[in-house]
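Engineer: sharing a model that was predicted from the sequence below.
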Amino acid sequence: MKKYTVGVVGATGMVGQRFVTLLENHPWFQLTVVAASARSAGKSYEEAVGPRWAMTTPMPESVKKMVVLDAAKVEEVASQVDFIFCAVNMPKAEIKALEEAYAKAECPVVSNNSANRFTPDVPMVVPEINADHIEIIPAQRKRLGTKRGFIAVKSNCSLQSYVPALHPLMKEFGVNKALVCTYQAISGAGKTFKDWPEMVGNIIPYIGGEEEKSEKEPLRIWGHVDPEKKAIVPAKSPVITCQCIRVPVLNGHTAAVFVKFKKNPTKEQLIEALRNFSGVPQELKLPSAPEHFIQYLEEDNRPQIALDVNYENGMGISVGRLREDTVYDWKFVGLSHNTVRGAAGGAVLCAELLKAQGYITAK
């Protein structure tokens, strides 16, 4: 099978590096272009990243000598690839303009950024939950005046630790409201302990913009495509309130979740719903799809980052500590890998879905 050629725009940052590692030996996609800011352009990838390589695995040999292109030179990058992943670190308005420029250059964009998450005709996809939202792409192409080009985005990284768990419970038992506290790793800010030493032995009870995203983005994921409005209409419920805290952990976002249900499920019913849940990626056997999306752990002291963050190569969700609550109905703890499932891996899975459904095509 001929592989699709792909570029990573914003390739030198932490999420960009994660894309580079995940695309090594990918069965469908071949990384052929790396692009970043003008100051990195013209250097080899190895030289541009320098001592900032943050992955635990070595930099792939295949990418070390690639010459970094200037991400702002849209036509130059777009002409060389079938589609791009976008993980740039820029002001939101600039990201929005850049992603639209790539789409208009007939280059599909699968973005890790938040800039287009609420653009009405841009699908924000967690492939197991709302794969049908990609059906909005023809309407987006009409607006942009493109034949191949479009933008699809993945959701905020913190959502992955609780929304996939809430989803099957909501489908079976109805959810009125949820209270969520997330405990988020420093790699979510693109940092390691080496460049953020003040996080060692510390907690910061504020992550800019994160609580709003955690409360609003799930409703868009649970929304529906409205063909007349040519938009994705967010769901009106459940109501989610969220507190987001930065903790001294490198990888892995943990969530403590309190849920009020419409029905009155038993513990056994809740666990069964979690364990049995699967979606379109599992049906299609997409290359990056976890075989078992959600694992439920019986032990009182799980899930733990040290033991569970790499479940299903970092693409699965771990849930534990499900018990009755005196204020809400039930409570549990969720865990996801924030730069794999929560960022680059989630975007790669989204691209696999788009390719499988015929939205990403070879030039």
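Structural biologist: Noted; the coordinates are in hand.
Engineer: which parts of this structure are strands?
Structural biologist: Assigned by DSSP state E, the chain shows strands spanning 4-9, 29-36, 69-70, 83-86, 109-111, 151-153, 175-184, 224-226, 231-233, 239-246, 253-261, 294-297, 317-324, 330-336.
Engineer: identify whichever of those lies nearest to Asp195.
Structural biologist: Minimum separation from Asp195 across those (CB to CB) falls at strand 239-246, 14.3 Å. To be clear about C-beta, it is placed using only N, CA and C from the backbone, and glycine gets the same treatment.
Engineer: quick one, that closest one and strand 253-261 angle?
Structural biologist: 160 degrees (axes from the mean of the first three to the mean of the last three CA atoms, to 10 degrees).
Engineer: contacts for strand 239-246, please.
Structural biologist: With contact meaning CB atoms under 8 Å, 6 or more residues apart in numbering, strand 239-246 is reached by 158, 176-184, 186, 188-189, 199, 203-207, 210-211, 214-215, 218-219.
Engineer: of those residues, grab the buried ones for ChimeraX.
Structural biologist: A single ChimeraX command selects the buried members of the contacts of strand 239-246 (16 or more other CB atoms under 10 Å):
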select :158,178,179,180,181,182,183,184,186,188,189,199,207,210,211,214,215,218,219
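Engineer: would you mind measuring from Gly42 to Ile84?
Structural biologist: 19 Å (CB to CB, to the nearest Å).
Engineer: quick one: which of those two has more around it?
Structural biologist: For Gly42 versus Ile84, neighbours defined as other CB atoms under 10 Å are more numerous around Ile84 (29 against 12).
Engineer: could you dump the strands of the chain to a markdown table with distance to Ala362 and mean pLDDT?
Structural biologist: Listed next are the strands of the chain as a markdown table, based on distance: least, CB to CB, whole Å; pLDDT from 0 to 100:
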| stretch | distance to Ala362 | mean pLDDT |
| --- | --- | --- |
| strand 4-9 | 6 | 98 |
| strand 29-36 | 11 | 98 |
| strand 69-70 | 21 | 98 |
| strand 83-86 | 10 | 98 |
| strand 109-111 | 16 | 98 |
| strand 151-153 | 17 | 98 |
| strand 175-184 | 38 | 98 |
| strand 224-226 | 26 | 98 |
| strand 231-233 | 27 | 98 |
| strand 239-246 | 40 | 98 |
| strand 253-261 | 35 | 98 |
| strand 294-297 | 34 | 98 |
| strand 317-324 | 32 | 98 |
| strand 330-336 | 32 | 98 |
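Engineer: include distance to Tyr162 when you put those into JSON lines, please.
Structural biologist: Conversion of the strands of the chain to JSON lines gives the following (distance: least, CB to CB, whole Å):
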{"stretch": "strand 4-9", "distance to Tyr162": "28"}
{"stretch": "strand 29-36", "distance to Tyr162": "29"}
{"stretch": "strand 69-70", "distance to Tyr162": "37"}
{"stretch": "strand 83-86", "distance to Tyr162": "25"}
{"stretch": "strand 109-111", "distance to Tyr162": "22"}
{"stretch": "strand 151-153", "distance to Tyr162": "19"}
{"stretch": "strand 175-184", "distance to Tyr162": "6"}
{"stretch": "strand 224-226", "distance to Tyr162": "21"}
{"stretch": "strand 231-233", "distance to Tyr162": "21"}
{"stretch": "strand 239-246", "distance to Tyr162": "9"}
{"stretch": "strand 253-261", "distance to Tyr162": "4"}
{"stretch": "strand 294-297", "distance to Tyr162": "11"}
{"stretch": "strand 317-324", "distance to Tyr162": "9"}
{"stretch": "strand 330-336", "distance to Tyr162": "5"}
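Engineer: what sits against the nearest residue to Val49 once chain neighbours are set aside?
Structural biologist: Leaving aside its chain neighbours, Val49 sits nearest to Thr12 (5.2 Å; criterion: CB to CB, 6 or more residues apart in numbering). Thr12 is in contact with 34, 36-37, 40, 45, 48-49, 52, 68, counting by CB under 8 Å, 6+ apart.
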